[in-house]
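K.L.:
mind folding the following:
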Amino acid sequence: MSRAVYTTQLQAGLGLVEETRLLLSLYEKNLTSSQLYEKALSSGFFPQVSARRLRNIVVECFFPRYIKTESAQYLKRLVPNLQSSTINQLFLLYTAFANEILLDFIREVYWERYSGGFDAISTDDAKDFVLHAVRDGMTQKAWSDTTIKRVSSYLLGCCADYGLLSSRRGSKRHIQPVRIQEITALYLSYDLHFKGFGDNAVISHAAWSLFGLESADVREELKRLAKNGWIIVQSAGDVTRISWQFKTMEEVVNVVTQG
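P.N.:
As a prediction, the model looks like this:
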């Protein structure tokens, strides 16, 4: 397994929750990022955003998170049918997939601090995480102190955009632990399944740790999904077998939107 390389790509945009909603409403299947940018530019949906900034949002944020992963077609249908809290969790998944530094920060700092009884994360906590990552060779080249400070700020701001931390800026932000929503668990489990992960690999995937879940917790979440008939779960010790009831992601989205 190749080692992740951390980038500064979050500088192009943090959570971008509202911008993502608007872009999804404009998105059509097989639309390229250039075509989406032109459509967004002429839509009138972004009157306060410069053309250059809009291009950056589409090309550097929306494309790697939602077009490259082929998730935009599904999220476009889900957004009007789900609560904001659930949509935020789905957006968080794809933002973390596209920015591994965010994924590891939430896993290694956010939940560690919460589990340790702390109620806040400081700018120094974030800075220490980035500094150690640079020293451990997680970046292609050494980052300057200015870059380390900026990326630390991006990590805290992105967590705040998705509701994991308080939005009020300062030397500390309060932890606002989230519980994974049922629809998020359904979507994530099937997404991993259709990506080719085996049943036990689905359960142990790092994405669950964005919500503070370990393998045993994931099994319990999947058993809750089974009560709706969405999957069948059989467990013996650490081995789990799942019978998947939907054949495509389209079927999963249909169940959610028709529910």
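K.L.:
ok, now which ones touch residue 190?
P.N.:
Each residue near residue 190 by CB atoms under 8 Å, 6 or more residues apart in numbering is listed here: 244, 246, 249, 252. (Glycine included, C-beta is placed from N, CA and C.)
K.L.:
list the buried residues for the strand or helix carrying it?
P.N.:
Residue 190 belongs to helix 182-194 when elements are defined using DSSP states H and E. Residues of helix 182-194 classed as buried by neighbour count (16 or more other CB atoms under 10 Å): 182, 183, 184, 185, 186, 187, 188, 189, 190, 191, 192, 193.
K.L.:
give the other helices and strands that the helix ranked longest in the chain contacts.
P.N.:
Longest helix of the chain, by residue count under DSSP state H: helix 145-161. Other helices and strands packing on helix 145-161, by 3 or more CB pairs under 8 Å, 6 or more residues apart in numbering; DSSP states H and E, are helix 100-105, helix 123-135, strand 172-174.
K.L.:
mind redoing it with 6 Å?
P.N.:
Helices and strands touching helix 145-161, by 3 or more CB pairs under 6 Å, 6 or more residues apart in numbering; DSSP states H and E, are helix 123-135.
K.L.:
for the record, mean pLDDT for the helix it packs on?
P.N.:
The average of the pLDDT scores along helix 123-135 is 96.
K.L.:
next, the angle from that helix to helix 145-161.
P.N.:
For helix 123-135 against helix 145-161, the angle by axes from the mean of the first three to the mean of the last three CA atoms, to 10 degrees is 120 degrees.
K.L.:
helix 123-135: which residues count as buried?
P.N.:
By 16+ other CB under 10 Å, the buried positions in helix 123-135 come out as 123, 125, 126, 127, 129, 130, 131, 133, 134.
K.L.:
for stretch 45-58, same thing?
P.N.:
45, 46, 54, 55, 56, 57, 58.
K.L.:
can you check stretch 6-24 too?
P.N.:
6, 9-10, 12-17, 19-24.
K.L.:
could you do stretch 107-115 as well?
P.N.:
Within stretch 107-115, the residues that qualify as buried are 107, 109, 110, 111, 113, 114, counting by 16+ other CB under 10 Å.
K.L.:
let's see it as PDB, backbone CA atoms only.
P.N.:
Taking C-alpha atoms only, stretch 107-115 is exported to PDB below (Å, rounded to 0.1, in the frame of the first residue of the first chain):
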ATOM      1  CA  ARG A 107      -8.500  10.300  13.100                       C
ATOM      2  CA  GLU A 108      -5.300  11.100  15.000                       C
ATOM      3  CA  VAL A 109      -6.000  14.400  16.600                       C
ATOM      4  CA  TYR A 110      -9.700  15.200  16.700                       C
ATOM      5  CA  TRP A 111     -11.000  11.800  18.100                       C
ATOM      6  CA  GLU A 112      -7.900  11.300  20.200                       C
ATOM      7  CA  ARG A 113      -8.400  14.600  21.900                       C
ATOM      8  CA  TYR A 114     -12.100  13.800  22.400                       C
ATOM      9  CA  SER A 115     -11.400  10.300  23.700                       C
END
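K.L.:
in space, what's closest to residue 82 - neighbours in sequence excluded?
P.N.:
Spatial nearest neighbour of residue 82, excluding adjacent residues (CB to CB, 6 or more residues apart in numbering): residue 183 at 6.3 Å.
K.L.:
now the helix holding residue 190, how far from the centre of its chain.
P.N.:
Relative to its chain's centre, helix 182-194 lies at 13 Å (CA atoms, centre = their mean, to the nearest Å).
K.L.:
noted, bye for now.
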